[in-house]
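# no FASTA, just this:
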Ligand SMILES: Nc1ncnc2c1ncn2[C@@H]1O[C@H](COP(=O)(O)OP(=O)(O)OP(=O)(O)O)[C@@H](O)[C@H]1O
Ligand SMILES: [Mg+2]
């Protein structure tokens, strides 16, 4: 700005000289015109004009010289005044102000603030140049920096730099530099701002912004991670949804979902097959299309109730319902319904299975089971009859012997008696003959008597056992006596073996029971021992013992035969289980025994056996029959 002012002053003086010349020429021109009018005084006029011109030129030169002198004086006064004026202004300024020489760069004036900050006295400063206090500058670089000011390319410069204090510390500054070439001497005025605080603030701002940036970056990374995770979750959700849809579609059961007012929302492939509707046809329609009118009305009222009250848990165990196909045909279905809540709306999921075939199978199975039960009952009956038949055969054989002997003895007696009568009639009967006849008659009678008694005994026991086996009437028996009778009836079979059977226990044990059942049980046990426990001709010992307490009687039956493998033992009570099917075993003996002990006698039975360890069957039955025969359940 100072530089501009100088130029203006120069321009003003040139303009003044030109104006004066123009005025002079104008006067000369006017005067020449006057002289042209007055030709007679031309020489005088010309001389006068020259004189006037000279006076003008002289006067101008004088004025100009005086003005220049005055200007110079004023400039000198101003030069002294600049520093003085500046000194006052500078000292009062908040800024640090340095004035230094335009050529030597030596400091001319430094204000109070600057001296206080930089730590030098004014005397020190006068010995220093502007670049001495700037550690970042050499003389050359400084000259280079201020060149635009010096050559007038810039009117001022603003740049950041650093100042070094007397104590060596360095602080950042903002320099606002001006060049005043018109000053004498030309000077630079530098207005300095200590920007330590700004720098610190800027640093803090940078740090803050860096930390902010970092946090933004971290947060962005975190958000990106979250977004990626969310994407992954969504992807997984989509996958699981599609899997669920696939599973639902590949399920054998029909899946139908409905909303709270019964509109079908989804309909899987199995449902399409079951009901004959395509998913497109069914979705959006009322669920009532899948049921006959009555269940449809029930379903509707359920949904209305649910809508009104929000109550009614649909998660119920599966139940059998009648469903309706598109073609109107109905079928028996198993339905289980569950509900789930999502965003305040309830969706019901129905899983439907056509159970027509299953029901038919169940029906057939029931029929087959009934047939089996009937067959089993028939077999049990047949077994009874067979054992009765066996008994009859055995008894017949047994009775045959004494009766045969009796008949033989009686025939012999009859024959001898006829002979004796004939001899007596013809007078040939001798005393010795008669004596022999009497002896023979006594002997034969004894034989007949003994054998008839034996037969009678056999018939009595046969009758008793046979009646018991077929009638199933309960009565009180003396247990051991009754078992004796059973064993007697089994004598034909036992006799053929080398086995010894012993019966032990108190003879006064009495029980109220079905004797026929007891007979069948003992017969089965003995026959099993004879058939399965021993080979032909084996010696062995079968022991039957009975004990009692207040309530029960325990019958222990054991043989010392071959015993059973674990596999056989665990199945011994199963119906139709036999290891002798080829030899006519039906596998019902032990099953009937089990059933009768449990069901008919209200007792229980266990079987212990191991290979070569014999078999022991322990039967516990109440001494009094308390209830009617019942179902035995499954054998254990
Ligand atoms: N005392 C025993 N010793 C060894 N094995 C035995 C004995 N009692 C039964 N068993 C085994 O148990 C099986 C089943 O006996 P169960 O009486 O039920 O049928 P079964 O005797 O084979 O035929 P049946 O119906 O003619 O009696 C027999 O086949 C046999 O293997
Ligand atoms: Mg048997």
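Good, I have the coordinates. Note that the structure is a prediction, hence the values are computed from the model and not measured. Ligands and ions are numbered 1, 2, ... in the order given.

# Any stretches of the stretch 351-500 of the chain with poor pLDDT?
380-398, 457-458, 460-472 (pLDDT under 70).

# how about the strands in it?
475-478, 498-505 (DSSP state E, counting those that start in this stretch).

# ditto for the stretch 51-200 of the chain
Going by DSSP E, counting those that start in this stretch, the stretch 51-200 of the chain shows strands at 96-101, 107-110, 156-164, 170-180, 187-194.

# can you give me how far the first one is from the chain middle?
A distance of 82 Å separates the C-alpha centroid of strand 96-101 from that of its chain, computed with C-alpha atoms, centre = their mean, to the nearest Å.

# and that strand, average pLDDT?
Over the span of strand 96-101, the pLDDT mean works out to 90.

# got it, and the fourth one?
What strand 170-180 shows for mean pLDDT is 91.

# One more: stretch 595-605?
pLDDT averaged over stretch 595-605 gives 88.

# Next one: that stretch, is it in contact with ligand 1?
No - counting by C-beta under 6 Å from any ligand atom, ligand 1 is not contacted by stretch 595-605; separation bottoms out at 11.3 Å. All C-beta atoms are positioned from the backbone trio N, CA, C, and that covers glycine.

# change the start of the numbering to 56 and stick with it
Understood, numbering begins at 56; the last thing we discussed is stretch 650-660.

# near ligand 1, which residues of this protein?
579, 583-584, 586-588, 614, 616-617, 619, 623, 627, 632-635, 640-646, 670.

# what about 5 Å?
Listed as neighbours of ligand 1 in the chain under the rule C-beta under 5 Å from any ligand atom: 583-584, 587-588, 619, 627, 633-635, 640-645, 670.

# Could you give me the PyMOL syntax to select whichever of the residues you listed are buried?
Buried residues within the residues of the chain next to ligand 1, by 16 or more other C-beta atoms under 10 Å, are selected in PyMOL with:
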select buried, resi 583+584+587+588+619+627+633+640+641+642+643+644+645+670
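
# about what we covered before: could I get the strands of the stretch 406-555 of the chain as JSON lines with mean neighbour count?
Below are the strands of the stretch 406-555 of the chain laid out as JSON lines (neighbours: other C-beta atoms under 10 Å):
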{"stretch": "strand 530-533", "mean neighbour count": "14"}
{"stretch": "strand 553-560", "mean neighbour count": "14"}
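
# Same list, those, but as a markdown table with distance to ligand 2 please.
Below are these laid out as a markdown table (distance: least, C-beta to the ion, whole Å):
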| stretch | distance to ligand 2 |
| --- | --- |
| strand 530-533 | 24 |
| strand 553-560 | 16 |
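
# still on that earlier bit, what about the residues of the chain next to ligand 1, which are in strands?
The strands, defined by DSSP state E, take in residue 670 from those.

# is it possible to export the strands of the stretch 406-555 of the chain to JSON lines including distance to residue 162?
Shown next, in JSON lines, are the strands of the stretch 406-555 of the chain (distance: least, C-beta to C-beta, whole Å):
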{"stretch": "strand 530-533", "distance to residue 162": "149"}
{"stretch": "strand 553-560", "distance to residue 162": "144"}
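
# Which ones among the residues of the chain next to ligand 1 lie within helices?
583, 644, 645 (DSSP state H).

# Can you sort out which of those residues also neighbour ligand 2?
Filtering those for proximity to ligand 2 by C-beta under 5 Å from the ion leaves 583, 644.

# And the ones in helices among the residues of the chain next to ligand 1, which is the shakiest by pLDDT?
The minimum pLDDT among these falls on residue 644, with 85.

# Can you tell me the closest non-neighbouring residue to that residue?
Nearest residue to residue 644 in three dimensions, chain neighbours excluded: residue 579, at 4.4 Å (C-beta to C-beta, 6 or more residues apart in numbering).

# The one you found and residue 645 touch, don't they?
Yes - applying C-beta atoms under 8 Å as the test, residue 579 and residue 645 come out as touching, 6.9 Å apart.

# how about the residues of the stretch 506-655 of the chain near ligand 2?
So far as C-beta under 5 Å from the ion goes, the stretch 506-655 of the chain lies against ligand 2 at 583, 644.

# In the stretch 506-655 of the chain, mark out all the helices, start to finish.
534-544, 546-550, 570-583, 621-626, 644-650 (DSSP state H, counting those that start in this stretch).

# Among those helices, which comes closest to residue 169?
helix 621-626 (116.4 Å; C-beta to C-beta).

# Which other helices and strands does that closest one contact?
Contacts defined by 3 or more C-beta pairs under 8 Å, 6 or more residues apart in numbering; DSSP states H and E place helix 621-626 against strand 659-664.

# to the chain's geometric centre, what's the distance from the strand it packs on?
49 Å.

# how near is the residue of the stretch 106-255 of the chain found nearest ligand 1 to residue 653?
In the stretch 106-255 of the chain, the residue that lies nearest ligand 1 is residue 255 (106.9 Å; C-beta to the nearest ligand atom). The gap separating residue 255 from residue 653 is 103 Å, by C-beta to C-beta, to the nearest Å.
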